[in-house]
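>>> what's the 3D shape of this:
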Amino acid sequence: MREISPFFIFINMPTSQSQFSRLPNKQLLFISEKLVDENFPIGNPYDDDFEEAYSVLQSVSKYFNIVAAHEDVEFFAKLLEINDDLIADLFANNKEQMKNKELIEKLVIPVAKSYNLNYSVWGSCSYTDYKVQKFDSYDEEWVSGSAEQQRQDGNWSMWDGRDRRDTEYENFEESDYDFGDVYEVDEKPIQESLLSKLVLENTSDVINSLDRTTLIKLRNLINQKLSS
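Prediction:
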């Protein structure tokens, strides 16, 4: 069994806007009034009973033949939060103020953004890695011995090999998880990641053609760069 150390990944999903954001302001105010009457959350919907808020929105959205989704709960929770004072003024004298086009047009429509969420998951499991490594040798039967000798000398690590198929994990048992930092998605890292991928793809043939001595020197240069 191998204990898996915590690792960080991020979620990168396309930005999804609420279907209700396309409705006219007057209709959004009508829905908002119904939601407020049902004690719909103003602000973070996850601080309260999210499923209850979702159920309330589903009932109200039937007026417009719209099937509410989970992101729609966030949309109205944010709409009510950022327009709190304006909505209070509009609802103060419903018959008169709800006809006030100037106030209605001041309604601020929330816009969803893409965010990365760092999180850690750790546990224990047994695993099998399937790798391949190129070795130069004068005899096929000497290759395994050469690989073992280089591993003991510290000139080669089993992790240096290329994956020839996906790692197999068995008996995985999740111990715990932890949510970390949240930050807005920047398109630049995505472009840099794509560039790095292209560089790796285009240089793989060159690396495979290098001899052992050159590869060791290259590895040392990479290690120096990573540690700087």
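>>> and Asp85, what pLDDT?
Here the pLDDT value assigned to Asp85 is 89.
>>> And the helices in the chain?
25-37, 50-61, 70-82, 84-92, 94-97, 101-105, 143-153, 187-208, 212-227 (DSSP state H).
>>> Just say which of those helices is most tucked in.
Of all these, helix 70-82 carries the top mean neighbour count, a mean of 20, counting by mean count of other CB atoms under 10 Å. Bear in mind the C-beta positions are built from the backbone N, C-alpha and C, glycine included.
>>> Which elements pack onto that helix?
Other helices and strands packing on helix 70-82, by 3 or more CB pairs under 8 Å, 6 or more residues apart in numbering; DSSP states H and E, are helix 25-37, helix 50-61.
>>> Quick check: which of those helices is nearest to Ser137?
With CB to CB as the criterion, Ser137 lies closest to helix 50-61 of the helices and strands packed on helix 70-82, at 62.0 Å.
>>> Using CSV, list the CA coordinates for that closest one.
This file holds the C-alpha atoms of helix 50-61, laid out as CSV (Å, rounded to 0.1, in the frame of the first residue of the first chain):
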residue,chain,number,x,y,z
PHE,A,50,-29.6,25.2,-0.9
GLU,A,51,-32.1,22.5,-1.9
GLU,A,52,-35.0,24.4,-0.4
ALA,A,53,-33.9,27.5,-2.3
TYR,A,54,-33.7,25.4,-5.5
SER,A,55,-37.2,24.1,-4.9
VAL,A,56,-38.6,27.6,-4.4
LEU,A,57,-37.0,28.8,-7.7
GLN,A,58,-38.3,25.8,-9.5
SER,A,59,-41.9,26.6,-8.5
VAL,A,60,-41.6,30.3,-9.4
SER,A,61,-39.9,29.6,-12.7
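>>> quick one, that helix and helix 25-37 angle?
130 degrees (axes from the mean of the first three to the mean of the last three CA atoms, to 10 degrees).
>>> Report the rounded mean pLDDT for helix 50-61.
On average, helix 50-61 scores 94.
>>> tell me the angle it makes with helix 70-82.
Angle, helix 50-61 to helix 70-82, by the same axes, to 10 degrees: 90 degrees.
>>> Which other helices and strands does helix 50-61 contact?
Under the contact criterion of 3+ CB pairs under 8 Å, 6+ apart, helix 50-61 touches helix 25-37, helix 70-82.
>>> Confidence-wise, which of those is weakest overall?
Lowest mean pLDDT of these: helix 25-37, a mean of 91.
>>> who touches it?
With contact meaning CB atoms under 8 Å, 6 or more residues apart in numbering, helix 25-37 is reached by 20, 23, 42, 56-57, 60-61, 63-64, 76, 79-80, 83, 87, 90-91, 94, 98, 104-105, 107, 109.
>>> For the closest residue to Tyr130 other than its chain neighbours, give its distance to Gln133.
Of all residues not flanking Tyr130 in the chain, Arg165 sits nearest, at 4.5 Å (CB to CB, 6 or more residues apart in numbering). Using CB to CB, to the nearest Å, we find Arg165 at a distance of 14 Å from Gln133.
>>> The two - which one has more neighbours?
Neighbour count, other CB atoms under 10 Å: between Arg165 and Gln133, Gln133 has more, with 14 against 10.
>>> Which residue, neighbours along the chain excluded, lies closest to that one?
Gly161 (4.0 Å).
>>> Can you report how many residues neighbour the one you found?
Around Gly161 there are 15 residues (other CB under 10 Å).
>>> That'll do, ta.
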